[in-house]
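# this one's sequence-less:
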């Protein structure tokens, strides 16, 4: 079945550091890929998405490129801020089974001033 | 627009008690979902609905029932709660299941079963 593997945290960085959160996946067919963010005490919000190979999703300074050859969708940001502290979830939708998203376990990111 | 709302926000149950979680969306979405979030497990799909009057099982449906009597509402029921159902429950909705479509999430319900 479908699965998503992402680095587990917590990941602690200093403000203005470069961020990479790795995400790899296993899926049938050609899934759509997503990054969701969960701020403390809130629900999940879509951060960015990509629907086909080589697409780049971007939002709020975050980027991720859909790499079919490596089955990856790594999240990057050039200069993180304290306000980026949150839990980040990589997810996919393949449509091969139940009509819901398959999520990774989440990466807790902590940015220190 | 309120988006996706969930009631209640918190609840404590004793083993064997029953309860219903309510999810409401005002975006006229066809698809609605219930997920549970457990530490170190990410989110897992419990049940979902592709339209009014229809429901289907997700990855972890056992111990839960759902109903979608109105398009805007999706109810999740626990008939006889167990400690293993202690979790944070999220409802989501989307216009379709197209690969490019976004799921919108509610704020969550934190349930503790003693």
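Yep, that arrived. Keep in mind it's a predicted model, so treat the numbers as computed, not measured.

# Which SSE is immediately downstream of the biggest strand by length in chain B?
Ranked by residue count and defined by DSSP state E, the top strand of chain B is strand B:42-51. Note on strand B:42-51: by DSSP states H and E, the next helix or strand toward the C-terminus is strand B:54-57.

# circling back: could you pull out the buried residues of the longest strand of chain B?
By neighbour count with 16 or more other CB atoms under 10 Å in any protein chain shown, strand B:42-51 contains the buried residues B:42-49. From N, CA and C alone the C-beta is placed, and that goes for glycine too.

# In JSON lines: those residues, plus pLDDT and distance to residue A:79.
What follows is those, written out as JSON lines (pLDDT from 0 to 100; distance: CB to CB, whole Å):
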{"residue": "B:42", "pLDDT": "84", "distance to residue A:79": "27"}
{"residue": "B:43", "pLDDT": "91", "distance to residue A:79": "29"}
{"residue": "B:44", "pLDDT": "93", "distance to residue A:79": "34"}
{"residue": "B:45", "pLDDT": "93", "distance to residue A:79": "35"}
{"residue": "B:46", "pLDDT": "96", "distance to residue A:79": "38"}
{"residue": "B:47", "pLDDT": "96", "distance to residue A:79": "41"}
{"residue": "B:48", "pLDDT": "93", "distance to residue A:79": "38"}
{"residue": "B:49", "pLDDT": "93", "distance to residue A:79": "42"}
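
# Give me the neighbour count for residue A:54.
10 (other CB atoms under 10 Å in any protein chain shown).

# Hmm, I typed the wrong one, I wanted residue B:27.
Residue B:27 is surrounded by 13 other residues when neighbours are defined as other CB under 10 Å.

# got the contact list for it?
Each residue near residue B:27 by CB atoms under 8 Å, 6 or more residues apart in numbering or on different chains is listed here: B:1, B:3-4, B:93, B:95, B:104.

# What is the nearest of those residues to residue B:33?
Ranked by distance to residue B:33 (CB to CB), the contacts of residue B:27 are led by residue B:93 at 7.2 Å.

# Tell me which residues touch the closest one, please.
So residue B:93 contacts B:4, B:23, B:25, B:27, B:29, B:31-33, B:74, B:103-104 (CB under 8 Å, 6+ apart).

# Filter these down to the ones in strands?
For the contacts of residue B:93, secondary structure assignment (DSSP E) places B:4, B:23, B:25, B:31-33, B:74, B:104 in strands.

# when you check chain A, which of those residues turn up near it?
With CB under 8 Å from any CB of the partner chain as the criterion, those include B:4, B:31, B:33, B:104 near chain A.

# rewinding a little: got a PyMOL select line for the buried ones in the contacts of residue B:93?
What follows is the PyMOL syntax for the buried subset of the contacts of residue B:93, where burial is set by 16+ other CB under 10 Å:
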select buried, chain B and resi 4+23+25+29+31+32+33+74+103+104
